[in-house]
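Asks: give me coordinates for this.
(one chain, ligands or ions: 1)
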Amino acid sequence: MMTFLKHSFYYLATTLPFFGLTGALAAETGSRDESPSRYVLAVHGGSGAMGPDMPDDLRQEYREAVAAALRAGYAQLESGGSSLDAVEAAIVIMEDSPLFNAGKGAVFTHEGRNELDASIMTGNGLDGGAVAGVTNVKNPIRAARAVMEDTPHVLLATRGAEVFIEGTGLERVEPEYFWTERRWDALQRALERERERDESGSLDPDEVTHPEEYVGTVGAVALDREGNLAAGTSTGGMNNKRHGRIGDSPVIGAGTYADNATVAVSGTGWGEKFIRTAAAHSLSAMMAYQGLSVSEAAEAALERVASIDGYGGIIALDPRGNVAMPFNTRGMYRGRVTADGRIEVFIHHEE
Ligand code: ASP
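Replies: As a prediction, this is how the structure comes out:
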């Protein structure tokens with residue numbers, strides 16, 4: 001009974017703010033795909049070429065890791081934390097896991113280093129922060145949040161970002177922390193293929209975008225009881241990327257976007273295509289200016305990515321708790337939690 005009351009209270013507390021300032025627009029944009037469940041948090045652990053034939057134990061490991069991220073984020077929301085707290089907590093769990101291409105499990109650059117990117121944004125006032133090409137912070141998502149909260153800037157990159165991180169008190173690590181055999185082997189395979197194809201060593205676009213080699217970028221979108229949306233994304237980028245390459249994940253409007261009036265978005269996939277279509281912001285704009293629902297806008301944003309031969313996936317959460325999680329790859333590690341704490345985890349289409 002207590003649990004029921006607590007959850008009912010939580011549901012009411014999280015529902016009421018939407019009849020305030022953002023209610024009118026939200027009612028329009030959410031009207032065409034109102035889901036019977038109201039979601040407060042969704043995460044992804046990357047989209048890519050994982051086949052339905054993946055071994056059961058590996059599938060189970062991923063499912064458990066996604067569920068753990070959802071539990072961590074939901075715990076923040078349930079105890080009155082903000083959507084930013086939930087996004088950060090969920091992403092930290094996945095950054096600390098070697099399973100995902102973010103934090104501990106990051107892919108390698110062509111030169112055999114790990115250069116990490118992350119961003120976070122709140123829909124409350126459109127504030128955002130990001131870091132790109134960092135090598136010394138255990139949890140890049142925390143560094144992104146520090147940029148948002150402690151500087152007048154949105155994006156700090158490479159050495160400047162690292163100097164900033166040194167002054168934050170965030171946990172730092174030696175670059176070796178990010179070494180994992182699985183990602184190292186993936187780089188060696190890519191380098192070998194590259195050598196076979198092109199003795200000159202020039203960049204082969206097909207090679208850098210080999211989806212089974214870099215899958216695992218992570219992201220989260222959340223809605224708190226104040227009605228604030230937030231989104232975050234964290235990645236090692238793409239396997240065998242060139243030194244200094246920055247993808248969509250730390251770019252506000254490309255890999256991450258949040259606006260309380262429309263939607264919170266995190267993307268994964270071929271970053272250059274997400275940048276070129278301004279995917280995350282396009283999704284929000286289609287809801288704001290064309291009145292599309294979150295599902296319609298998420299599909300349309302992904303179609304634009306596909307129209308320039310891009311692939312990937314998107315998670316998007318609107319202010320009424322409707323979630324869309326489309327992808328055009330074989331799978332996407334993903335999950336969501338309802339306002340009353342029901343966790344759902346998926347990997348492939350048919351589940
Ligand atoms: N979007 C990321 C990047 O291009 C990679 C991914 O999502 O898998 O850096």
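Asks: what residues of the helix or strand that contains Glu303 count as buried?
Replies: Taking DSSP states H and E as the definition, one finds Glu303 inside helix 294-307. Within helix 294-307, the residues that count as buried by 16 or more other CB atoms under 10 Å are Val294, Ser295, Glu296, Ala297, Ala298, Glu299, Ala300, Ala301, Leu302, Arg304, Val305. The way it works is simple: take the backbone N, C-alpha and C, and place the C-beta from them, glycine included.
Asks: near the ligand at all, that helix?
Replies: No. Judged by CB under 6 Å from any ligand atom, helix 294-307 stays clear of the ligand, getting no closer than 10.5 Å.
Asks: if you average the pLDDT over that helix, what comes out?
Replies: If you average the pLDDT over helix 294-307, you get 98.
Asks: so what secondary structure elements neighbour it?
Replies: strand 263-269, helix 279-290, strand 312-317, strand 323-324 (3 or more CB pairs under 8 Å, 6 or more residues apart in numbering; DSSP states H and E).
Asks: state which helix of the protein is the longest.
Replies: The helix spanning the most residues in the chain, taking DSSP state H as the definition, is helix 56-78.
Asks: convert that helix to PDB, retaining C-alpha atoms only.
Replies: Extracted in PDB, the C-alpha atoms of helix 56-78 (Å, rounded to 0.1, in the frame of the first residue of the first chain):
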ATOM      1  CA  ASP A  56      23.000 -15.600 -24.600                       C
ATOM      2  CA  ASP A  57      25.500 -14.800 -21.800                       C
ATOM      3  CA  LEU A  58      26.700 -11.700 -23.600                       C
ATOM      4  CA  ARG A  59      23.100 -10.600 -24.300                       C
ATOM      5  CA  GLN A  60      22.400 -11.100 -20.600                       C
ATOM      6  CA  GLU A  61      25.400  -9.000 -19.600                       C
ATOM      7  CA  TYR A  62      24.300  -6.100 -21.800                       C
ATOM      8  CA  ARG A  63      20.700  -6.400 -20.500                       C
ATOM      9  CA  GLU A  64      21.900  -6.300 -16.900                       C
ATOM     10  CA  ALA A  65      24.200  -3.300 -17.600                       C
ATOM     11  CA  VAL A  66      21.400  -1.300 -19.200                       C
ATOM     12  CA  ALA A  67      19.000  -2.200 -16.400                       C
ATOM     13  CA  ALA A  68      21.700  -1.100 -13.800                       C
ATOM     14  CA  ALA A  69      22.000   2.200 -15.600                       C
ATOM     15  CA  LEU A  70      18.200   2.600 -15.500                       C
ATOM     16  CA  ARG A  71      18.000   1.800 -11.900                       C
ATOM     17  CA  ALA A  72      20.800   4.300 -11.000                       C
ATOM     18  CA  GLY A  73      19.000   7.100 -13.000                       C
ATOM     19  CA  TYR A  74      15.600   6.200 -11.600                       C
ATOM     20  CA  ALA A  75      16.900   6.200  -8.000                       C
ATOM     21  CA  GLN A  76      17.900   9.900  -8.500                       C
ATOM     22  CA  LEU A  77      14.500  10.800  -9.900                       C
ATOM     23  CA  GLU A  78      12.700   8.900  -7.100                       C
END
